[in-house]
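Peer 1: One predicted model, sequence on top.
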Amino acid sequence: MAKHYASIRNAKFLTHEVHDLSALTKHEYFAHHDRESFDMMIDAAFQLADTHLFPYFADMDRNEPELKDGVVKVHPQVKNIIRAMAEGGWINATVPLEQGGMQLPESINALGQFIFQAANNSAMPFTGLTAGAANLIRTFGNDFLKQTYMERMYSGEWQGTMALTEPQAGSSLSDIVTTAEPAEDGMYKIKGQKIFISAGDLDAVDNVVHLLLARIKGAPAGTKGISLFVVPKKRVVNGTLVDNDVLPAGVYHKMGQKATPAMHLMMGENDNCYGYLVGEPNKGLSYMFQMMNEARILVGITAAAIASAAYHASLEYAKERPQGRRLNEKNPLNPPTLIINHPDVKRLLLFQKAVVEGSLSLLLETAKYADLAHITQGEEKENNLLMLELLTPIAKTYPSEAGIASVSAGLQCLGGYGFCKDFPLEQLYRDIRITAIYEGTTAIQSLDLLGRKLTMQNGKAGVLYMQTVAKTVQEAATYDALKKYAGIMESQMRNLQKVTAHLMGLAQKGDAELFLADATLYMELFSLNAIAWQWLKQGIAAHKALVVGGLSEDETAFYESKLQAMKYFFHYEIPKAQGLSTRLTDSEIITIAQDKEVLV
């Protein structure tokens, strides 16, 4: 088992030197925090992870949940984890002070979640889902729901979920058929089924509260007729918990993230399931998007964190494993060299570092826009929200897709050992695969980016992005050591604009399928651009520190490694943009269905 899963030095570098998150405390809403309190939160997160999460990483995978006698039995440590997260204030960390939270910036909370996920990603959906569901109730629920459910969820007594997916609908939420019929006392009788409900049933809490999408009888067809309900496993009647006819039909046996059960749930099989409407009828999907957007960023954090654990395991192995000799070494009697000295292993490690630390930087950038949107007004608030909207699908997708490749590279570093359970790469490789599927597949995120985010408000979000990146390029160009990379970034920006303009030309023709046929490839192109931006920002911060000097040997090595990883990304990853651009501007589209199919 690896001894490390994330870098505390990198966490504080990104917090203070790259994103200057302490500047948020100049605003009244975050004024009760400061740089020291942020560092204390980071330290506390690592301590919690070291104590309650990391030691159980493998065991929770090998002893997965089971459905016995109508109850889902989870690993005994789950209860301790939920309690520790609640006691540490992490379930309601971002909630306002007057409502019992710490009013922590989303960006600092995101960093804490990254640390927890890196230590034991499979155990973290429990509290992450509870926080998201409770936040929905806090934002849109009435006083009854807040008093009855929200407080017990934030305290860790009750679990929360998001119950969207149905067998016949999958990701097409417009096709859900779970029904809600008005009943007595303002309740609704619920009937239907949901699948793939993470943490949908477990014996570690007293109750499970589902934030569930359903259709009130007589509602309009499609997404315009979807409402949001609180549907508890047990509802409160006269101060006591009674069964609410929410039955676990089965546990899906997953490839990875096995500690958290994914459930098939049946509601109303005995005609005795009741739910409570959240907000107004037929607005459920718009409400749920709050939780879904939060969850998308959290999935990106999960992917980056899993890749981080794999990177640190690979790095430790490469520093300890002697094998073979340097390619220029001809004498077989000389002792073997450590594999980290082999160029291809170094390339694999640099790729992992570039993905992990570039992804985390982008995730913090995205979360910071959420913070800024909360504390600003007028046009500034609108611009921050637009940047948040634009970056969210990228922050979910790049860490997931590149993270899968990154963990695969780590497994390659270990060779045959990487394929065995004796080392964590085998489990991490299984765990990370779901992140490209959770909360909207890569295709859905790509359609969102190109088809929605870049077209809203006449493309204003894209313009804001270009202007923001241009400021980083201008700063980098003031340093001789970074001028080359500022030039590359500027060229990539022009290329992205060219490709985007070409695709928008297709959109104007009114053929949505033609316009969006290669949206996933466009996502990959945009992602390379966004991560290059983040690496240029890190390169600026590292260069500044080295110029100031007076550093210890370890600190010098840290900053030099940042510059090395930046150079790697620009010289090895950015060239991939050329092939993507060629494909995206090619007039030949062969994936659109034809009258006569010859492919399959």
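Peer 2: Yep, it's here.
Peer 1: got a list of what residue 356 touches?
Peer 2: By CB atoms under 8 Å, 6 or more residues apart in numbering, the contact list for residue 356 reads 304, 307-308, 311, 403, 406. Any C-beta I mention is one placed from the backbone N, CA and C, and that applies to glycine too.
Peer 1: Okay, domains of the chain per the record?
Peer 2: 8-143, 160-282, 447-592 (automatic domain parsing).
Peer 1: Least confident of those, on average?
Peer 2: When those are ranked by mean pLDDT, domain 160-282 comes last with a mean of 93.
Peer 1: Which residue ranges of the stretch 351-500 of the chain form helices?
Peer 2: Per DSSP state H, counting those that start in this stretch, the stretch 351-500 of the chain carries helices over the ranges 378-414, 425-432, 442-448, 460-476, 483-507.
Peer 1: Out of these, which gets nearest to residue 202?
Peer 2: Of all these, helix 425-432 sits nearest to residue 202, with 18.8 Å by CB to CB.
Peer 1: Counting by contacts, list what the closest one packs against.
Peer 2: helix 57-62, helix 284-320, helix 378-414 (3 or more CB pairs under 8 Å, 6 or more residues apart in numbering; DSSP states H and E).
Peer 1: Dump those into TSV; add mean neighbour count as well.
Peer 2: Below are the helices and strands packed on helix 425-432 laid out as TSV (neighbours: other CB atoms under 10 Å):
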stretch	mean neighbour count
helix 57-62	18
helix 284-320	24
helix 378-414	22
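Peer 1: Adding distance to residue 471, write those out as CSV.
Peer 2: Shown next, in CSV, are these (distance: least, CB to CB, whole Å):
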stretch, distance to residue 471
helix 57-62, 40
helix 284-320, 23
helix 378-414, 13
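Peer 1: between those helices, which one is nearest to residue 347?
Peer 2: That would be helix 378-414 among the helices and strands packed on helix 425-432, by CB to CB, at 8.5 Å.
Peer 1: Columns distance to residue 36 on top of the helices of the stretch 351-500 of the chain, output as JSON lines?
Peer 2: Converted to JSON lines, the helices of the stretch 351-500 of the chain look like this (distance: least, CB to CB, whole Å):
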{"stretch": "helix 378-414", "distance to residue 36": "26"}
{"stretch": "helix 425-432", "distance to residue 36": "33"}
{"stretch": "helix 442-448", "distance to residue 36": "37"}
{"stretch": "helix 460-476", "distance to residue 36": "28"}
{"stretch": "helix 483-507", "distance to residue 36": "33"}
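Peer 1: buried sites along stretch 254-267?
Peer 2: Neighbour-count burial for stretch 254-267 flags 254, 256-267 (criterion: 16 or more other CB atoms under 10 Å).
Peer 1: what about the strands in this structure?
Peer 2: Ranges of strands within the chain are 66-68, 71-73, 158-163, 179-182, 187-198, 207-216, 227-232, 234-237, 240-243, 246-252, 262-267, 274-277, based on DSSP state E.
Peer 1: Excluding chain neighbours, what is closest to residue 294?
Peer 2: Excluding its sequence neighbours, the residue lying closest to residue 294 (CB to CB, 6 or more residues apart in numbering) is residue 132, at 5.2 Å.
Peer 1: I'd like the distance between the one you found and residue 289.
Peer 2: The gap separating residue 132 from residue 289 is 12 Å, by CB to CB, to the nearest Å.
Peer 1: same question, residue 374
Peer 2: 17 Å.
Peer 1: Also residue 542?
Peer 2: Counting by CB to CB, the gap between residue 542 and residue 289 amounts to 37 Å.
Peer 1: Then residue 495?
Peer 2: In terms of CB to CB, residue 495 sits 32 Å off from residue 289.
Peer 1: can you pull the contacts of residue 524?
Peer 2: 401, 576, 580.
Peer 1: repeat that for 6 Å
Peer 2: Contact analysis of residue 524 by CB atoms under 6 Å, 6 or more residues apart in numbering lists residue 580.
Peer 1: Might one say that the residue nearest to residue 294 is in contact with residue 290?
Peer 2: No. Applying CB atoms under 6 Å as the test, residue 132 and residue 290 come out as separate, 8.3 Å apart.
Peer 1: Return the distance of stretch 477-489 from the chain's centre.
Peer 2: Relative to the centre of its chain, stretch 477-489 is centred 31 Å away, using CA atoms, centre = their mean, to the nearest Å.
Peer 1: Run through who's touching it.
Peer 2: Residues contacting stretch 477-489 (CB under 6 Å, 6+ apart): 473, 476, 532, 536, 539, 543, 570.
Peer 1: what number of residues lie near residue 280?
Peer 2: 12 (other CB atoms under 10 Å).
Peer 1: That one and residue 133: what is the separation?
Peer 2: Taking CB to CB, one finds residue 280 at 19 Å from residue 133.
Peer 1: any idea how far the nearest residue to residue 454 once chain neighbours are set aside is from residue 229?
Peer 2: Nearest residue to residue 454, sequence neighbours excluded (CB to CB, 6+ apart): residue 462, at 5.1 Å. For residue 462, the distance to residue 229 (CB to CB) stands at 37 Å.
Peer 1: Equivalent analysis for residue 556, please.
Peer 2: 57 Å.
Peer 1: In terms of neighbours, single out the busier of these two.
Peer 2: Comparing residue 556 with residue 229 by other CB under 10 Å, the one with more neighbours is residue 229, at 23 against 14.
Peer 1: Was I right to think that one contacts residue 279?
Peer 2: No. Using CB under 6 Å, residue 229 is not in contact with residue 279; the gap is 10.1 Å.
Peer 1: Now for the residue nearest to residue 509 when sequence neighbours are not counted, how many residues are close by?
Peer 2: Leaving aside its sequence neighbours, residue 509 sits nearest to residue 515 (CB to CB, 6+ apart; 7.7 Å). Look at residue 515: counted by other CB under 10 Å, it has 19 neighbours.
Peer 1: cool, and the one 5 residues further on?
Peer 2: The burial count assigned to residue 520 is 19, neighbours taken as other CB under 10 Å.
Peer 1: Excluding chain neighbours, what is closest to it?
Peer 2: residue 446 (4.3 Å).
Peer 1: re the thing from before, closest to residue 328 out of the domains of the chain?
Peer 2: Judging the domains of the chain by CB to CB, what sits closest to residue 328 is domain 447-592, at 21.3 Å.
Peer 1: what's the spacing between that closest one and its chain's center?
Peer 2: Worked out by CA atoms, centre = their mean, domain 447-592 lies 20 Å from the chain centre.
Peer 1: Equivalent analysis for stretch 217-227, please.
Peer 2: Remark: stretch 217-227 is offset 29 Å from the chain centroid, using CA atoms, centre = their mean.
Peer 1: One more: stretch 232-243?
Peer 2: So, by CA atoms, centre = their mean, the centroid of stretch 232-243 is 33 Å from its chain's centroid.
Peer 1: next one: stretch 223-241
Peer 2: 27 Å.
Peer 1: How about stretch 442-452?
Peer 2: Distance of stretch 442-452 from the chain centroid (CA atoms, centre = their mean) equals 16 Å.
Peer 1: Check stretch 357-365 too.
Peer 2: On the basis of CA atoms, centre = their mean, stretch 357-365 sits 11 Å off its chain's mean C-alpha point.
Peer 1: returning to what we had before: out of the domains of the chain, nearest to residue 319?
Peer 2: Nearest of the domains of the chain to residue 319, taken as CB to CB: domain 447-592 at 13.2 Å.
Peer 1: Quick one: residues contacting residue 191.
Peer 2: So residue 191 contacts 179, 268 (CB under 6 Å, 6+ apart).
Peer 1: how does it look with 8 Å?
Peer 2: Neighbours of residue 191 in contact, by CB under 8 Å, 6+ apart: 178-179, 181, 267-268, 271, 273.
Peer 1: Likewise for residue 499?
Peer 2: 522, 525, 581, 584-585.
Peer 1: That one and residue 226: what is the separation?
Peer 2: 35 Å.
Peer 1: From residue 77, how far off is residue 283?
Peer 2: 39 Å.
Peer 1: Look at the two and report which has more neighbours.
Peer 2: For residue 283 versus residue 77, neighbours defined as other CB under 10 Å are more numerous around residue 77 (20 against 16).
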